[in-house]
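# what would the 3D arrangement of this be:
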Amino acid sequence: MELKRSLNTFDSISVLFSSMVGSGIFFTSGYLIKETGNLWIVLLCWLVGGLLALSGSITYAYAARLLPFAGGDYVYLKVAYSPAIAFMSGWSSLLTNFSACVSVLALAFGKYIQILFPGLPVWESPTYTLLGLDLQISSITFIGVVPIVFFSGLNFFGIKSAVRVQNVFAVLKITGLLLFLALGFSIGNTNWSYLWNSPFPNITKLSFYSKILIGIVPVSFSYLGWNMITYIAEEVKNPEKTIVRSAISACFLVAGLYFAINLLFVISAPIEELAGQDGIGAIAFQKLFGANYSILTTSFIAWVILGSMSAILIGGSRVYFAMARDGVFLPSFSKIHPKWHSPYVSIFFQAFVAILFLFVKEIEALLYMITCSILILSCLTAATPFRFEKMGMKSDYKIPFYPLPIILYILANVAVMVILFIEKPVTAGWGLMITLIALPVYYGFRLDKKMAKVKNQPL
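Next up is the predicted model:
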């Protein structure tokens, strides 16, 4: 069964923009400042992150033009390499890339709801440690369940209805962010000395590059979603034109927006008040405009988070649908609702897994786990244009400055993974473990299918 092509260029850019611009921009820089200790490096990390996202998007666009089907990485890896490697990608998407991303957004949303409504009961259970990962149930956990269930229910009624709501989120989100920038730089209580007093880094030292690489990890999370168009490619009108145009436009828009927002952040308060703060966005708003607007700004941040969560839930469910359609996942996941044309089983199972990840205590731990899992297989996906050319599959789309974007993207990802395993071995190990578990699961499915065929054969 095929999904219905109903998304135009505006819809595609809306989904991309909303999936990329989420809660990450409002808490990532707090961790980044803590890790690097230098505001110039922080700003540079956001520029490098934008460059890598752009490199990845124009590389993935090549594969998407050749194979405009639901599933993204899963489809490209299956054709270029093998079904087993493709399954690893789909499995990682289910357990980290999408589901855990949704959980991060839901936990961040829960924190901002508690700020908005201080009268809500606040409680948390004791912390339990499983293989180095801290688990906990709290009031934030239950708050986070609500938007996951709501948006999953909305997706059940078809992608067109979900994208209509997504467009509202996107328009108000970009309007609010541009207004924040305009007012912040014009009438906000900015102080450029906070940036000028931060020492300019010595680019001749190895420590400078290691800080850039470890800083790219949380930044990469904030840019996640640049490849969302590839997951819904089967539902895009005129994919040969829309996919490339939407991906490149969204990357330039988001990279420019992220740099400007972070520049405003670092001139809003002293570095000591920003380092390690997971509410750096709220702090910056309060410093720039005063405490009187704290309710308004906190509400806006919560709105941005919801918009990103909605977009990710749309794209992720299509991966598991594609896997099941190929016969390497539970057959029920390939079901499409006869009226709403939605892969409803995949949608609700994804919601279930995302809710399970809400039990992870620290958002930062989820960030590093997600990033490690994604980078492992995205390197192989980025190299698919080489494989397709060897297989005689060529597209009329030419990657700009080929093959430099592919090489840059792969080398940067490898370098980040090395630093990640050195600096954050436990959470990186979880990401690797989740990815590798896919192989025995895949061959288990294959064995089960073979046994079923043998059982059904006549004597």
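# what bits of the stretch 301-450 of the chain have low per-residue confidence?
362-368, 370-371, 447-450 (pLDDT under 70).
# would you map the helices across it?
344-357, 363-382, 384-390, 404-423, 425-436, 438-456 (DSSP state H, counting those that start in this stretch).
# out of these, which is closest to Tyr76?
helix 384-390 (4.8 Å; CB to CB). The way it works is simple: take the backbone N, C-alpha and C, and place the C-beta from them, glycine included.
# so what's the gap between the closest one and the chain middle?
26 Å (CA atoms, centre = their mean, to the nearest Å).
# return that helix as PDB; C-alpha atoms alone will do.
Provided in PDB are the C-alpha atoms of helix 384-390 (Å, rounded to 0.1, in the frame of the first residue of the first chain):
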ATOM      1  CA  THR A 384      24.900   6.300  -0.500                       C
ATOM      2  CA  PRO A 385      25.500   8.600  -3.500                       C
ATOM      3  CA  PHE A 386      28.800   6.800  -4.100                       C
ATOM      4  CA  ARG A 387      27.000   3.500  -3.900                       C
ATOM      5  CA  PHE A 388      24.200   4.500  -6.200                       C
ATOM      6  CA  GLU A 389      26.600   5.700  -8.800                       C
ATOM      7  CA  LYS A 390      28.400   2.400  -8.800                       C
END
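# buried residues of that helix, list them for me.
For helix 384-390, a neighbour-count test (16 or more other CB atoms under 10 Å) marks 384-385, 387-388 as buried.
# tell me which two of the residues you listed sit farthest apart.
The widest separation within the buried residues of helix 384-390 (CB to CB) is 7.3 Å, between Pro385 and Arg387.
# from the buried residues of helix 384-390, which is closest to Ser82?
Using CB to CB, the buried residues of helix 384-390 come closest to Ser82 at Arg387, 11.0 Å.
# the closest one is in contact with Tyr81, isn't it?
Yes. At 7.0 Å, Arg387 counts as touching Tyr81 under the criterion of CB atoms under 8 Å.
# quick one: the one helix or strand Ile148 maps to to helix 344-357, angle?
Element membership of Ile148 [criterion: DSSP states H and E] is helix 139-156. The directions of helix 139-156 and helix 344-357 differ by 170 degrees, with axes from the mean of the first three to the mean of the last three CA atoms, to 10 degrees as the criterion.
# which residues touch Leu213?
415-416, 418-419 (CB atoms under 8 Å, 6 or more residues apart in numbering).
# can I get those in a markdown table with neighbour count and distance to Val75?
Formatted as a markdown table, the contacts of Leu213 follow (neighbours: other CB atoms under 10 Å; distance: CB to CB, whole Å):
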| residue | neighbour count | distance to Val75 |
| --- | --- | --- |
| Ala415 | 16 | 27 |
| Val416 | 22 | 25 |
| Val418 | 13 | 29 |
| Ile419 | 20 | 30 |
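# return the distance of the helix holding Ile148 from the chain's centre.
On CA atoms, centre = their mean, the centre of helix 139-156 falls 17 Å from the chain's centre.
# helix or strand right after that helix?
That would be, after helix 139-156 and using DSSP H and E, helix 159-187.
# distance from the chain centre to that next one, please.
18 Å.
# likewise for stretch 243-251?
16 Å.
# and stretch 312-322, by the same measure?
Using CA atoms, centre = their mean, the offset of stretch 312-322 from its chain centre is 13 Å.
# stretch 430-440 now?
Distance, centroid of stretch 430-440 to centroid of chain: 19 Å (CA atoms, centre = their mean).
# give me the number of residues near Val414?
13 (other CB atoms under 10 Å).
# nearest residue to it other than its sequence neighbours?
Cys379 (6.6 Å; CB to CB, 6 or more residues apart in numbering).
# distance check, that neighbour against Ala438.
Distance from Cys379 to Ala438, counting by CB to CB, to the nearest Å: 16 Å.
# neighbour count winner among the two?
More neighbours surround Ala438 than the other of Cys379 and Ala438, with 21 against 17 (other CB under 10 Å).
# what distance do you get for the more buried one to Phe348?
21 Å.
# got it, and Phe208?
The value you get for Phe208 to Phe348, if CB to CB is used, is 47 Å.
# what of Phe109?
Phe109 is 20 Å from Phe348, by CB to CB.
# the more surrounded of these two?
The residue with more neighbours, out of Phe109 and Phe348, is Phe109; 26 against 15, by other CB under 10 Å.
# residues near the closest residue to that one other than its chain neighbours, how many?
Nearest non-adjacent residue to Phe109, counting by CB to CB, 6+ apart: Ile305, 4.6 Å away. Counted by other CB under 10 Å, the residues lying close to Ile305 total 28.
# am I right that Ile305 is in contact with Ala108?
Yes. With contact defined as CB under 8 Å, Ile305 counts as touching Ala108 (5.5 Å).
# contacting residues for Phe180?
261, 264, 285, 300.
# ok, now which ones touch Ile41?
Ile41 neighbours (CB under 8 Å, 6+ apart): 201, 208, 211-212, 215.
# would a markdown table of those with pLDDT and distance to Thr175 be doable?
Shown next, in a markdown table, are these (pLDDT from 0 to 100; distance: CB to CB, whole Å):
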| residue | pLDDT | distance to Thr175 |
| --- | --- | --- |
| Pro201 | 84 | 35 |
| Phe208 | 84 | 37 |
| Lys211 | 82 | 35 |
| Ile212 | 83 | 33 |
| Gly215 | 79 | 29 |
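# which strand or helix spans Ala284?
Secondary structure (DSSP H and E) places Ala284 in helix 280-289.
# now swap in Ile216 and tell me
Using DSSP H and E, Ile216 falls in helix 206-223.
# what's the angle from that helix to helix 425-436?
Using the same axes, to 10 degrees: helix 206-223 against helix 425-436 is 50 degrees.
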